[in-house]
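>>> Generate coordinates for the sequence data below:
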Amino acid sequence: QMILLTNGFQPEPGTQLVTKADNAMDNDYFNTLLDGAGGPMTWDFSDRTYATETVSEIVNPVSTPQIGMFPDANLVMRTTFANDTSWTVFSSESSYFWQLGEVSHSAGSGEEVIIYQDSTPNYVFPIAFGDQWSSHRYFEQGDDPDLYMEIYDTTFYNVDAWGTVVYGNKSL
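Residues are numbered from 1 along each chain as shown. Sure thing, here's the model as predicted:
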């Protein structure tokens, strides 16, 4: 039976998302995952430990500084670390999920806006087993024109895993 993933990611403002940083992520661990025998498997992550966790909150896009620079934005995640705040700006539609850029405010360096140029969606929906695609984004970063960094990021996606995932004491 073919499984198709669709995009319905549009959480309400006030929703909190928690990301945990794995204490023991290393190449050996990923190589073990990539050596799967194929067919239905159980991916057991229950023994992982975490160094930190980051809490991001979904906010109303109109409350985001410089939101006018992102006319297609309809989803914003705000993350705060001490006196620094960042807003990650997305367009989340039924047919795609696209990271448009970021706005950050640092007590030490002020406000910075990064707009991804010549970018493609991170995900195009529906997604099926065996699908492959790449996503790319380009941006410049820096305050001084002589010190700008040009950054071009390409990510390759391959939908090729299936089975049961055990995370903590829950199976998904």
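>>> Contacts only, for Ala107.
Ala107 makes contact with Ala82, Asn83, Asp84 under the criterion C-beta atoms under 8 Å, 6 or more residues apart in numbering. Using the backbone N, CA and C atoms, a C-beta is placed for each residue, glycine as well.
>>> pLDDT wise, what is it at?
pLDDT for Ala107: 83.
>>> ditto for the one 3 residues further on
For Gly110, the pLDDT comes out at 83.
>>> What count of nearby residues applies to it?
Applying other C-beta atoms under 10 Å, we find 9 residues neighbouring Gly110.
>>> what does Trp87 give?
So Trp87, with other C-beta under 10 Å, has 24 neighbours.
>>> Just the C-alphas of the one helix or strand it maps to, formatted as CSV.
Using DSSP states H and E, Trp87 sits within strand 84-93. Taking C-alpha atoms only, strand 84-93 is exported to CSV below (Å, rounded to 0.1, in the frame of the first residue of the first chain):
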residue,chain,number,x,y,z
ASP,A,84,18.7,37.1,21.8
THR,A,85,15.6,36.3,19.7
SER,A,86,15.3,34.8,16.3
TRP,A,87,12.2,34.5,14.0
THR,A,88,12.4,31.7,11.4
VAL,A,89,10.0,32.6,8.6
PHE,A,90,8.1,30.0,6.4
SER,A,91,5.5,29.6,3.8
SER,A,92,3.5,26.5,4.6
GLU,A,93,0.9,25.5,2.0
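>>> Just list what it packs against, helices and strands only.
strand 75-81, strand 96-106 (3 or more C-beta pairs under 8 Å, 6 or more residues apart in numbering; DSSP states H and E).
>>> quick one, which of these is nearest to Pro65?
Of all these, strand 96-106 sits nearest to Pro65, with 5.2 Å by C-beta to C-beta.
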